[in-house]
Structure formats: C-alpha cells, structure tokens
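Asks: Sequence plus the predicted model coming up.
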Amino acid sequence: MRIGILSDTHDNLGAVDAAVRQLNSERVDLVLHAGDYVSPFVIPRLANLHSPMIGVMGNNDGDHRLLSERFAEHEALSLRGGFAAVTAGGMTIGLLHGDDRELLQALIGQKAFNVVVHGHTHRAEVREFGATLVINPGEACGYLTGQPTIAVLDTSGRDVELLSL
C-alpha cells in the first residue's frame, strides 16, 4: 500500500494544488495530513485527491468547528481531532501534529505504533526509533524553508520517499 503524507499546508492554495496533483500522480491509496490547514477554504482543494484522506488538527488551525464541517462535506475526507490511530497496509500508524513535544516523544518511545507521522517543525525527516518509523513530511506550504515537501510511504517495504513540490 502507498500512503501519501503531508503537513503544514498553511493556506497556500498553490502548494495544496501541487501536493494533490503529485499525490494523485503517485497513485497513493490513502493520504494522511498531520495538521495546520489553517483555514477551512483549503479543504475543498484537498477533496480533489483520488484517494481517501485522514487528517488531524494542528496548533495553527483556528476554527475547529468550521474545519470539521468542511471535512464532513466530502465523503473521502475524515478529520479525527488532535490524534488518529490508523491501521493501513498492515501497519499501525499514529498521526498527530507534533506541537506537544512530550506527547510526540511518548508515542514514539512506547513503540505502540509501527509508524508515527507528525509535522509542526516544517523540516522533513525520516528516522527509526527501534522498530518505529518516524516520518515528518516537512512543510507542504514552503513558507519557512522555501522548499515545499510531502512524503510517500510504501508499507510493503517500509520505504519512505520525500518529494519536493
């Protein structure tokens, strides 16, 4: 199974559209979004994905109620609050934004998940902590680093590819 991963879109509609095009061309089976959409007007753009998407809230997401309503308008989009436990491709995946550093480290350290996906730092990183694969796709918006990135996880080999938009 191929899982697209993105985070920190921060209202950059051009970058969101580029991420959607890239993920569709990668033919991912599922997309995970680690939060910081910022405004609800981003959500209809994410609905152009050809696969389902599961997302969580980030620390810069303002109107949680309206974000939830926009997600609910699209059958393939699911917003899970601040954390999601996802089972996909034979893996258990913990999905969170990552702004609560202590919580992030606890989830990684407990080794309860095969994969932990987070964002928040705007820096792309893939690392292993024991048997836990930790993935930060970087920032889809490109605002802080100047380099918008996303990731694709192939669950069959636990391979992660970081992609520039």
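Replies: Thanks, I have it.

Asks: how close does the residue in the chain sticking out farthest from the centre sit to residue 121?
Replies: Relative to the C-alpha centroid of the chain, counting by C-alpha atoms, centre = their mean, residue 130 is the outermost residue, at 22.0 Å. Distance of residue 130 to residue 121, given as C-beta to C-beta, to the nearest Å: 21 Å. Where you see a C-beta, it was placed from the backbone N, CA and C, and this is true even at glycine.

Asks: Could you find the closest non-adjacent residue to the residue nearest to the spatial centre of the chain?
Replies: Central residue of the chain (C-alpha atoms, centre = their mean): residue 33, 2.4 Å from the mean position. Distance criterion C-beta to C-beta, 6 or more residues apart in numbering; nearest residue to residue 33, sequence neighbours excluded, is residue 55 at 3.8 Å.

Asks: Kindly tell me how buried the one you found is, as a neighbour count.
Replies: Neighbour count of residue 55, defined by other C-beta atoms under 10 Å: 27.

Asks: In contact with it, which residues?
Replies: Counting by C-beta atoms under 8 Å, 6 or more residues apart in numbering, residue 55 makes contact with 32, 33, 34, 35, 37, 46, 71, 77, 78, 79, 80, 84.

Asks: Same list (those residues) but as TSV, adding pLDDT.
Replies: Shown next, in TSV, are the contacts of residue 55 (pLDDT from 0 to 100):
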residue	pLDDT
32	98
33	98
34	98
35	98
37	97
46	98
71	97
77	98
78	98
79	98
80	96
84	98
